[in-house]
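Student: coords please:
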Amino acid sequence: MGLPGEGLVRGLSRGQWFGVIAGAVAAVLVTGIFALRSSGAEAVEVLLEPVGSVGPLPFRAADSDVVTTVPADLRFDAASGELVVAGTEPGLYGGSGQEVCDRDALIAFFAQDEAKAAAWAEVLGIEIDDIPSYLDGLTPAVLMADTWVTNHGYDEGTGQATPRQSVLQAGTAVLVDDQGVPRVRCRCGNPLTPAQIPADRDNIDYQGDPWDDFDPDQVVAIEAGDTVTELTMTDLTTGGRLAREVGTDGDADFALDDNGQRIQDITFTEPTVPPALSDDPHPHHPPPTPGHPRGYTPPRASRQR
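Tutor: Next comes the predicted model:
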């Protein structure tokens, strides 16, 4: 018994054979053209945004000229080559206990501009009336690595938020949610969402002027981590680690030891002196025993056996 279809093959005429071969060649050419088109996909443009800029289409003008510089030795270590990191990773954010983002100013700004408030709230999936409570629940922090985000500017012509892919320079002040995701860029008020990373990570076209120490291999993109009540951050003053409770400004930070345990602050207070002894010239001595000179110590009672 022959193979299935063997008789059909033997029965083909020369013209039919040419037709089969031509069809096969055409299929190969079409496949090759499709592959070439796929490999030549347009590069993803990502705008580099330095600490001191507000970028194009800001929701509001910068209200401060303060710029935070992150020392190279304190930056988040992305040397492992992992682009995406969880937002609760220790050291991804930094702080110094100082105000880096005025949430009250943002709340007041959106209360006076309903159009921008509506566009801003839509990006973050909240209602306009929820903006104050939403902002109050975010935590001000400083990025410790060049960070890829989806940055939403405001188009005055359309009244809509316009997304773009951006890399924010380390030192940029942001507001972070309880899963460690940056949600607002403080300098311009723009809402932020996670980066839209292409499948081909080598097909990225960085736009704008890179800062001196910009390294594409050190860029990170932040994804939601577990929901937490505090973030483990880098203290920009000491270089150590600190814990910042979610929703606080940094005035209640706790220092952490090498094991991530809180170091309790020690508070020294002036000793209080009982009023009856306030004029005693010898405060380091116990009060005299009645009927005995100062310094007299009564004998220790013998233990009964």
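Student: How about Ile204: what's its closest non-neighbour residue?
Tutor: Distance criterion C-beta to C-beta, 6 or more residues apart in numbering; nearest residue to Ile204, sequence neighbours excluded, is Val44 at 5.3 Å. Backbone N, C-alpha and C define where each C-beta goes, glycine included.
Student: contacting residues for that neighbour?
Tutor: 165, 198, 203-205 (C-beta atoms under 8 Å, 6 or more residues apart in numbering).
Student: can I have stretch 201-208 written out in CSV, keeping just the CAs?
Tutor: The C-alpha atoms that make up stretch 201-208 are tabulated as CSV, following Å, rounded to 0.1, in the frame of the first residue of the first chain:
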residue,chain,number,x,y,z
ARG,A,201,12.7,46.2,24.6
ASP,A,202,15.6,47.0,22.3
ASN,A,203,13.4,48.9,20.0
ILE,A,204,13.1,52.1,22.1
ASP,A,205,13.9,55.6,20.8
TYR,A,206,14.8,57.9,23.7
GLN,A,207,13.9,61.5,22.9
GLY,A,208,15.3,64.7,24.5
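Student: Stretch 60-68: how far from the chain's middle?
Tutor: 19 Å (C-alpha atoms, centre = their mean, to the nearest Å).
Student: what comes up buried for it?
Tutor: For stretch 60-68, burial by neighbour count (16 or more other C-beta atoms under 10 Å) applies to 60, 68.
Student: Next: stretch 212-232.
Tutor: Applying 16+ other C-beta under 10 Å to stretch 212-232 flags 214, 218-222, 225, 230-232 as buried.
Student: chain center to that stretch: distance?
Tutor: 5 Å.
Student: And for stretch 148-166?
Tutor: 19 Å.
Student: where does Ile131 land in three-state SS?
Tutor: helix (DSSP: H, G, I helix; E, B strand; the rest coil).
Student: Any figure for the gap between it and Tyr93?
Tutor: 23 Å (C-beta to C-beta, to the nearest Å).
Student: ok, these two, which is more surrounded?
Tutor: Tyr93 (27 against 20; other C-beta atoms under 10 Å).
Student: For the stretch 151-300 of the chain, just list every one of the helices.
Tutor: With helices called from DSSP state H, counting those that start in this stretch, the stretch 151-300 of the chain shows none.
Student: What pLDDT is listed against the most centrally placed residue in the chain?
Tutor: Residue closest to the average C-alpha location in the chain (C-alpha atoms, centre = their mean): Pro182, at 4.7 Å. In this model, Pro182 is scored at 98, pLDDT.
Student: how about stretch 94-107: buried residues?
Tutor: 94-96, 100-103, 106-107.
Student: Among those, name the ones in helices.
Tutor: 103, 106-107 (DSSP state H).
Student: ok, the closest residue in space to the residue nearest to the centre of the chain that isn't next to it in sequence - contacts?
Tutor: Using C-beta to C-beta, 6+ apart and skipping the chain neighbours, the partner closest in space to Pro182 is Val174 (4.1 Å). Each residue near Val174 by C-beta under 8 Å, 6+ apart is listed here: 101, 140-143, 168, 182-186, 192.
Student: Wait, Phe110 touches Ala118, no?
Tutor: No - here Phe110 does not reach Ala118: they are 9.2 Å apart, not a contact under C-beta atoms under 8 Å.
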